[in-house]
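Peer 1: pasted the sequence and its predicted model underneath.
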Amino acid sequence: SEIGSLPSEIGYLFNLVHISMGSNQLSGSIPCEIGNLSKLTEFKLYSNQLTGPIPHEIGYLVSLPEIYLDSNQLTGPLPRELGQLINLTAIYLSKNQLTGSLPPEIGQLVNLTSLNLSYNQLTGHVPNEIVNMKSLRYISLEYNKVSKN
């Protein structure tokens, strides 16, 4: 049974800086209103039952240093807007059902040190923009269908 979901009204909490709701059996999708929370510095929704795509509005969360959305049931492509999150140091999106290719815009994240996209359904090749990232120390793409150039 459904325990709960993130309501769209969360977007009215303009001064919210922390969302830490990992392992809470949350279901439903991430509301696009999440993009209103431009002051967020913590976004942890790992190990839930979230479905649907990662909203493009995530690109407005410019203060975020890390994204923890691993171990959900998220679908669809990685939003190109991730490349706008210039303060990101880590992206954890493993163990979802994400599809499509890696957006080259991830290469714009000059502070990114960790990128975990393992256990998804990603395809295509790793863009040169990501291969050439100087800051990247850890990348995991295992259990996808991603190839080298």
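Peer 2: It's in.
Peer 1: now do the contacts for the closest residue to residue 143 other than its chain neighbours.
Peer 2: Nearest residue to residue 143, sequence neighbours excluded (CB to CB, 6 or more residues apart in numbering): residue 119, at 4.6 Å. C-beta: built from backbone N, CA, C; applies to glycine. Residues counted as contacts of residue 119 (CB atoms under 8 Å, 6 or more residues apart in numbering) are 94-96, 142-144.
Peer 1: of all those residues, which two lie farthest apart?
Peer 2: In the contacts of residue 119, two members sit farther apart than any others by CB to CB. They are 96 and 142, at 13.8 Å.
Peer 1: so these two - more neighbours on which side?
Peer 2: residue 96 (24 against 12; other CB atoms under 10 Å).
Peer 1: show me the contacts for residue 134.
Peer 2: Contacts of residue 134 (CB under 8 Å, 6+ apart): residue 110.
Peer 1: likewise the one 5 residues further on?
Peer 2: Taking CB under 8 Å, 6+ apart as the definition of contact, the neighbours of residue 139 are 114-116, 130.
Peer 1: between these, which is nearest residue 17?
Peer 2: Nearest to residue 17 among these, with distances taken as CB to CB, is residue 114, at 21.5 Å.
Peer 1: show me where this protein has its helices.
Peer 2: 128-131 (DSSP state H).
Peer 1: can you flag which of the contacts of residue 119 belong to strands?
Peer 2: Nothing among the contacts of residue 119 maps onto strands, per DSSP state E.
Peer 1: quick one: residue 100 from residue 80, how far?
Peer 2: Separation of residue 100 from residue 80 (CB to CB, to the nearest Å) stands at 10 Å.
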